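*Asks:* predicted structure and sequence below. I'll ask about it afterward.
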Amino acid sequence: MKQRKQRLILCLALFLVGAVGIGIYFNARTVVPMSYNRFMELAEQKDVSKVILSTEDNYMNVKLKDEKITYKVPNPKTDNFTEFLLKNDIDIQYGSVSGANGVLRVIFILLIGGIVIFIFKKNRKEILIEDAASLSNCTLSDIAGNIEAKAMVQDIIQFIQYPEKYEKTGAKMPRGILFYGPPGTGKTLMAKAIAGEAGVPFYAMSGSDFVQTYVGVGAGRVRDLFKKAKKHDKAVIFIDEIDAIGKKRGQTPSSSNDERDQTLNALLTEMSGFHEREGIIVIAATNRLDTLDEALTRPGRFDRQIEIGLPDIHARERILKLHSRTKSVSNEVSLHELAKSTVYFSGAMLENLLNEAAIMAANDDDDEIRQMHIDKAFTTIIAGPEKSDRSYITEKDRKITAFHEAGHALITKLLLPDNYISKVTIIPSVSGAGGFSISIPKDTLYYTKSQLESNIKVLFAGRIAEELVFGEENVTTGASNDITKASDLLVNYVGKYGMDQKMGLFHISDYESAHDAELLSRCRETSNLLYDETKELMVKNYKILEKLASLLIQKENLNDDDIESIVRVEI
């Protein structure tokens, strides 16, 4: 009823604007220029009925007898002109020549302004919030993996559906739930599933929707959102990327942000205003829990914090099965083996992997997704598509790349035998890599000191192979990305994980300014030590390195079985 009334008002306003506009148009068209001499002739012939004089204009409006047209004639402004008009029986009026048009134009501008303001307010308060509401068809059965997270939200669903059950024991409904974890792990999907299971309206907005240039707009949107949700007895409000408005507030005036602070304060106030018996729950999601303001994470605001993490091997297999239901997958594809090869893949990445494989199968006019499509899609996601034109690559470049990648593969097999080497290639990708190695570690909760050191050594292995084969003066820039990754690992090894004996069990990043020099010194010493140890190991196994590189030049691509067959025989 309210929406119909609003539409009626809008239609009426548009009609008035059109009518006024038409009036201005036709009024302007009926004013025709006339020369002064012609006017004098008509006046003397008694054909002029009325003259409208204006003190603001150098023209006068003239109307003839038996004509509706208004003529515009220069005003002579002589002393005896009025007397001349009276002698010729012409009515005289005084006023603005463009008065009618002026009034119409003012009305037109006011109507247009009113409509713009009406639409702006309606968009801001109604469309923005009302369109955000929906009923979710998603349930917990649609989520593969995150078993612990699903268990932790079961009682929230019960709270929403049967609040009286918990009133008997004096239990209070959590005001907010905070989902945190890496991107693409299913935080939004989990929020939709809660609303779907409970059968309540779902209001979803992003934190960036509240971030505005003008102070107060974001806070107003927060209040509008909660006001709309409170019209329902039960609802789920989901705010994605809450760190956009909920970052830690600055302790000094120069580091604060008035608009963001007001928006955050409005959110905190609205959450504090919830009654315990209201069936409304606020769910927020973030990729960076450590950046959130403490006022958000304290009890009474987001009472429950649930990690939505990367799936393990069993969860990955369930996710792959879930997404493969709508796709035609060949029997030669093993989802179990694919799950083993996709460590560190999020649910979104797994969905994208199958979708990319499906696109490649369609491009090949194939009715099914085959293993070669899976392999190609996997490589594309990890390293980018292969370069089609490789005519510019010299034999020397191919040899350098082959020894570099063979070095990574060799040290991986020697120091991390449990890792599965999915692919080693010397085919360059569009991302700029001359070649690459994909090594898949086993799922694990922890990394040992030995494993961390081995990972750093594997990263150094490509540069070491270049040095041994082509000489120290001929090493290339191909190890740039490896050095970056190794440096990050070394900083954590020394300053975060407490693996360095001299630095001890001390988290350096909390006291950076006081310990930067010492941290860098220990990282350099550890780096040089690990580099020398890796070089010594590669010298001992130089024959294997040569065989791996030779086979790689010949085939361009190697898998784990190819590498294992050479390493096993030589060792």
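*Replies:* Yep, that arrived. Residues are numbered from 1 along each chain as shown.

*Asks:* how about stretch 40-54: buried residues?
*Replies:* The neighbour-count check on stretch 40-54 (16 or more other Cβ atoms under 10 Å) flags 42-43, 48, 51-54 as buried. Quick note: C-beta positions are derived from backbone N, CA and C, even for glycine.

*Asks:* next: stretch 459-473.
*Replies:* Of the residues in stretch 459-473, 459-470 count as buried by neighbour count, 16+ other Cβ under 10 Å.

*Asks:* residue contacts, the nearest residue to Leu505 once chain neighbours are set aside?
*Replies:* Closest residue to Leu505 in three dimensions, ignoring its sequence neighbours and counting by Cβ to Cβ, 6 or more residues apart in numbering: Gly498, at 4.0 Å. By Cβ atoms under 8 Å, 6 or more residues apart in numbering, the contact set of Gly498 is 504-507.

*Asks:* in helices, which of the buried residues of stretch 459-473 appear?
*Replies:* Among those, the members found in helices (DSSP state H) are 459-470.

*Asks:* next one: Gly220 relative to Glu270, how far apart?
*Replies:* Taking Cβ to Cβ, to the nearest Å as the measure, Gly220 and Glu270 are separated by 12 Å.

*Asks:* over to Lys230?
*Replies:* Relative to Glu270, Lys230 is positioned 9 Å away (Cβ to Cβ).

*Asks:* those two: which has the busier surroundings?
*Replies:* The residue with more neighbours, out of Lys230 and Glu270, is Glu270; 20 against 16, by other Cβ atoms under 10 Å.

*Asks:* what helix or strand does that one sit in?
*Replies:* Element membership for Glu270 (DSSP states H and E) is helix 258-272.

*Asks:* buried stuff in that helix?
*Replies:* Here helix 258-272 shows 259-264, 266-268, 270-271 as buried, counting by 16+ other Cβ under 10 Å.

*Asks:* off-centre distance for that helix?
*Replies:* From the chain centre to the centre of helix 258-272 is a distance of 22 Å (Cα atoms, centre = their mean, to the nearest Å).

*Asks:* what helices and strands are in contact with that helix?
*Replies:* Counting contacts by 3 or more Cβ pairs under 8 Å, 6 or more residues apart in numbering; DSSP states H and E, helix 258-272 is packed against helix 217-229, helix 243-246, helix 294-297.

*Asks:* hang on, the earlier thing: put together a markdown table for the buried residues of stretch 459-473, with pLDDT and distance to Phe403 on each row.
*Replies:* Converted to a markdown table, these look like this (pLDDT from 0 to 100; distance: Cβ to Cβ, whole Å):
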| residue | pLDDT | distance to Phe403 |
| --- | --- | --- |
| Leu459 | 96 | 16 |
| Phe460 | 97 | 14 |
| Ala461 | 96 | 10 |
| Gly462 | 95 | 8 |
| Arg463 | 96 | 11 |
| Ile464 | 97 | 10 |
| Ala465 | 96 | 5 |
| Glu466 | 95 | 6 |
| Glu467 | 96 | 10 |
| Leu468 | 96 | 8 |
| Val469 | 95 | 5 |
| Phe470 | 94 | 8 |
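
*Asks:* most widely separated two among those residues?
*Replies:* Taking Cβ to Cβ as the measure, those span a maximum distance of 18.9 Å, between Leu459 and Phe470.

*Asks:* Val236 should be in a helix, yeah?
*Replies:* No. The assignment for Val236 (DSSP: H, G, I helix; E, B strand; the rest coil) gives strand, which keeps it out of a helix.

*Asks:* identify the residues contacting it.
*Replies:* Going by Cβ under 8 Å, 6+ apart, Val236 touches 160, 191, 194-195, 198, 200-203, 280-281, 283.

*Asks:* distance of it relative to Leu296?
*Replies:* Using Cβ to Cβ, which is the criterion applied here, Val236 is 18 Å from Leu296.

*Asks:* which residue ranges make up the domains of the chain?
*Replies:* 2-101, 133-307, 313-382, 395-570 (automatic domain parsing).

*Asks:* A helix includes Asp561, no?
*Replies:* Yes. Counting by three-state DSSP, Asp561 is located in a helix.

*Asks:* what's around it, how many residues?
*Replies:* Asp561 has 8 nearby residues by other Cβ under 10 Å.

*Asks:* returning to what we had before: name the nearest of the buried residues of stretch 459-473 relative to Asp224.
*Replies:* Out of the buried residues of stretch 459-473, the member with the shortest distance to Asp224 (by Cβ to Cβ) is Leu459, at 51.2 Å.

*Asks:* surely that closest one and Ala486 touch.
*Replies:* Yes. Under the criterion of Cβ atoms under 8 Å, Leu459 makes contact with Ala486 at 4.1 Å.

*Asks:* ok, of the contacts of Gly498, which one's closest to Ala402?
*Replies:* Nearest member of the contacts of Gly498 to Ala402, counting by Cβ to Cβ, is His507, at 41.3 Å.

*Asks:* pLDDT score assigned to the closest one?
*Replies:* Reported pLDDT at His507 in the predicted model: 79.

*Asks:* and it, how far from Asn492?
*Replies:* 10 Å.

*Asks:* of these two, who's got more company?
*Replies:* Per other Cβ under 10 Å, whichever of His507 and Asn492 has more neighbours is Asn492, with 14 against 11.

*Asks:* secondary structure element holding that one?
*Replies:* Going by DSSP H and E, Asn492 is in helix 480-495.

*Asks:* what's the first helix or strand after that helix?
*Replies:* Downstream of helix 480-495, the next assigned helix or strand under DSSP H and E is helix 512-540.

*Asks:* which secondary structure elements does that following helix sit against?
*Replies:* Secondary-structure packing of helix 512-540 (3+ Cβ pairs under 8 Å, 6+ apart): helix 395-415, helix 449-470, helix 480-495.

*Asks:* just checking, what packs against the first one?
*Replies:* For helix 395-415, the contact count by 3+ Cβ pairs under 8 Å, 6+ apart identifies strand 420-425, strand 436-440, helix 449-470, helix 512-540, helix 542-555, helix 560-570 as packing neighbours.
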